[in-house]
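**Q** Kindly return the folded structure for what I paste below:
(2 chains)
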Amino acid sequence: MIERHESVIVITFVRALVPLAQLFALYVLIHGHDSPGGGFQAGVVLGAAYITLALALGREALDRHVNEPVCVALGAAGVLVYLLTGVFGMVGGGNFLDYSALPLPVSPVRARYFGILFVETGVAIAVAATVVVLFCRLADRDPAR
Amino acid sequence: MSETLLALLMVLLVVLGVIAIRAADLLLAVIALGAYGFVMALIWAGIGAVDVAFTEAVVGAGATTVLMLAALLRTSRRRSPLPSRLRWVALAVVIVVGAALLAVTTALPRWGDPASPASAHVSPRYLTRTVAETATRNAVTSVLADYRGYDTLIETVVILTAGLGCWLLLQRNEP
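**A** Numbering: from 1, shown residues only, chains lettered A, B, ... in the order given. Okay, the predicted model is just below:
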């Protein structure tokens, strides 16, 4: 099990770093249309923010913020967001994953822009949750020997 | 990035790879692999593949390193040596595969060649139409999430499946 780090410097730095990393993940997700990045990278950065929290403040600090079973559900929910975006393309009269047919009050081109944002959000949620779950399982409180 | 710098980074890549393989202390091997991922990210950025560089930096140099460190917590820092008979098999496989890879490098298109099959087929259409069709200036994003949406959907399912598999395998062994 990972204990809280002794150094006050590390703890203070991580306390400042984690919110910034979370904000950066959001930026990478939303700005992926115009700059490098997107859902996958945003998801890993977001997951890494929580892992950093656990490494510096201990596993219990992580458990106060995220719940492992909820993370597993979130991983599935991310894939569901992706699938539903595709299904809503069919609801709007297009093919599966045809974002231009999404029932949104915008032009078809804009709808594709938002469709990309929706699926990238789904990817980010799925990836972030999976990374956190992997870390939680590997750095278990009572490792099975 | 200059070709000399790229070549230097590639040499560094080989050195880090050898360290990761040879290190008796697995902690050193994991750190060398993290550095390998970081150098790889620099190379991707140097040849203009910034999205890949970003992924390599966060996954190869970041997440994988931490996950492997966590795996070391559960197992051991020392490697168990490979049985000597297997070493010769491994050497033979590496020589054959390495020779085959070297033999086909001459058939690869030159780097950045606009007439290469990868650049001449559908890429120009994506590159020229992405803004008009998807209002997305980063063609990598529009190709991944829109034009090739099915691939990315299945990839996300793969990530979830892999995560679920690890989660189930590493459950606490309660009596």
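**Q** for the lengthiest helix in chain A, packing partners?
**A** Looking across chain A with DSSP state H, the single longest helix is helix A:108-138. Here helix A:108-138 touches helix A:8-30, helix A:39-57, helix A:68-91, helix B:64-74, helix B:123-134, helix B:139-142, helix B:149-169, going by 3 or more Cβ pairs under 8 Å, 6 or more residues apart in numbering or on different chains; DSSP states H and E. In short, each C-beta sits where N, CA and C put it, glycine included.
**Q** Please report how far residue B:50 lies from residue B:100.
**A** 31 Å (Cβ to Cβ, to the nearest Å).
**Q** quick one, which of those two is more surrounded?
**A** residue B:50 (17 against 9; other Cβ atoms under 10 Å in any protein chain shown).
**Q** My read is that that one contacts residue B:43, right?
**A** No - using Cβ atoms under 8 Å, residue B:50 makes no contact with residue B:43, being 11.8 Å away.
**Q** From the rest of the structure, what touches the lowest-mean-pLDDT helix or strand in chain A?
**A** The helix or strand of chain A with the poorest confidence is helix A:59-65; it has a mean of 86 (mean pLDDT, DSSP states H and E). For helix A:59-65, contacts defined as Cβ atoms under 8 Å, 6 or more residues apart in numbering or on different chains pick out A:1-4, A:50-51, A:53-54, A:132, A:136, A:139, A:141.
**Q** Now do the buried residues in that helix.
**A** For helix A:59-65, a neighbour-count test (16 or more other Cβ atoms under 10 Å in any protein chain shown) marks A:59, A:61-62 as buried.
**Q** and residue A:97, that one's in a strand?
**A** No - under the criterion used here (DSSP: H, G, I helix; E, B strand; the rest coil), residue A:97 is coil, not part of a strand.
**Q** burial measure for it, as a count.
**A** 23.
**Q** again, but for residue B:76
**A** 9.
**Q** can you list the domains in chain B?
**A** Domain assignment of chain B by automatic domain parsing yields the ranges B:1-80, B:112-175.
**Q** Those into CSV, with extra columns for mean pLDDT and distance to residue A:84?
**A** Formatted as CSV, these follow (pLDDT from 0 to 100; distance: least, Cβ to Cβ, whole Å):
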stretch, mean pLDDT, distance to residue A:84
domain B:1-80, 91, 25
domain B:112-175, 88, 11
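**Q** Just list the residues touching the nearest residue to residue B:58 once chain neighbours are set aside, thanks.
**A** Computed as Cβ to Cβ, 6 or more residues apart in numbering or on different chains, the closest residue to residue B:58 that is not its neighbour in sequence is residue A:44, at 4.3 Å. Neighbour list for residue A:44: A:127-128, A:131, B:55, B:58-59, B:62-63 [criterion: Cβ under 8 Å, 6+ apart].
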